[in-house]
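A.B. asks: return atomic coordinates for the entry below.
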Amino acid sequence: QVRLVGRADPNGGRADVYLDGVKQLCGIDCWCPQPRDRQVICYKNGLSQGRHSLKIVASGRKNPRAGGKRVYVQGVQWSAAQGQAGAGQGGGPSGPQRVIFGYTSRDDYVDSQGHCWRPATEFVLRLRAGADLVPIAFYTARRLKKVTNTADPELYRYGVHGADFTAYFTVDPKASYYARIKLCQSDRPSSPGQFATTIDVQGKRVAADVDIAATAGGLARAVDLVFNDLRPEHGVIALRFSNPRAKGQAMVQAIGIGPGTESGGAAPVSVQSSSGDAGMKP
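C.D. replies: Alright, predicted model coming up:
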């Protein structure tokens with residue numbers, strides 16, 4: 001391992017990092033609203049034994065909040081220690097994980113089968129600088145009093161929506177998993193494809209432009225999509241939801257992840273293949 005130790009403060013800027021001549025995907029940002037000395041601003045694990053080169057190149061860039069472009073280097077630390085890490089990454093829960101997006105209760109929701117569902121927190125949705133994710137992207141209040149086609153309407157009353165967001169699940173890196181994605185559309189679209197939701201799992205497209213209402217058979221109807229044989233990468237399963245249209249909003253209400261396989265999922269209907277008002281039935 002090698003660590004670069006430096007300072008971060010309100011005038012800190014950005015730098016690129018080269019390890020053995022290869023530019024690293026993540027650089028350095030020395031900005032911090034409060035001065036902080038001797039911070040680990042960059043590190044790399046898993047290096048082979050032997051000599052290595054570490055080069056830092058000030059880029060002359062800064063983030064919008066920074067007052068300067070300074071890059072501070074205070075020291076370098078390295079270690080030749082070796083260890084056995086088993087699978088290398090992961091080591092997460094080996095059992096099912098169930099989360100509800102937009103759900104803010106401090107208590108788990110227990111469904112009709114006795115399964116516990118927790119608030120979803122491990123996901124990324126990028127917005128403009130300084131934006132508050134919760135009021136913009138969360139459905140924190142129950143959007144529907146009645147949800148049909150389910151014994152557990154509470155799982156479909158909340159949710160998160162946005163143009164592009166990814167949910168992450170840390171899992172056992174040696175197992176194969178299923179994903180059960182729970183969806184429910186409560187509003188009629190104001191434009192074609194407004195709520196069309198494309199789903200990628202581990203970087204591979206599994207459903208494109210899903211017309212949620214058409215797939216469910218109408219508005220305020222619950223529908224599940226199930227995907228099996230999911231293999232973790234670096235101990236993580238990533239599910240990405242996107243809608244590239246102007247003012248388009250992908251959405252999801254809840255997700256269950258677990259080892260093994262599951263059945264019972266619906267066949268997704270795309271916006272292109274659904275008839276003009278297929279998803280508009282109440």
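
A.B. asks: other SSEs contacting the least confident helix or strand in the chain by mean pLDDT?
C.D. replies: Using mean pLDDT, DSSP states H and E, helix 133-137 stands out as the lowest-scoring helix or strand of the chain, at a mean of 91. Contact partners of helix 133-137 among helices and strands, from 3 or more C-beta pairs under 8 Å, 6 or more residues apart in numbering; DSSP states H and E: strand 159-162. Yep, even glycine has a C-beta here, placed from its N, CA and C like the rest.

A.B. asks: try 10 Å this time
C.D. replies: strand 123-125, strand 159-162 (3 or more C-beta pairs under 10 Å, 6 or more residues apart in numbering; DSSP states H and E).

A.B. asks: just the CA trace of it, in PDB.
C.D. replies: Extracted in PDB, the C-alpha atoms of helix 133-137 (Å, rounded to 0.1, in the frame of the first residue of the first chain):
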ATOM      1  CA  LEU A 133     -31.900  15.200  -2.600                       C
ATOM      2  CA  VAL A 134     -34.900  14.500  -0.300                       C
ATOM      3  CA  PRO A 135     -37.500  17.100  -1.400                       C
ATOM      4  CA  ILE A 136     -36.400  16.800  -5.000                       C
ATOM      5  CA  ALA A 137     -36.300  13.100  -5.500                       C
END
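
A.B. asks: what packs against the helix or strand that that helix is followed by?
C.D. replies: Following helix 133-137 in sequence order, the next helix or strand is strand 138-139 (DSSP states H and E). When contacts are defined as 3+ C-beta pairs under 10 Å, 6+ apart, strand 138-139 sits against strand 159-162.

A.B. asks: just say which of the helices and strands packed on helix 133-137 is most tucked in.
C.D. replies: strand 159-162 (a mean of 24; mean count of other C-beta atoms under 10 Å).
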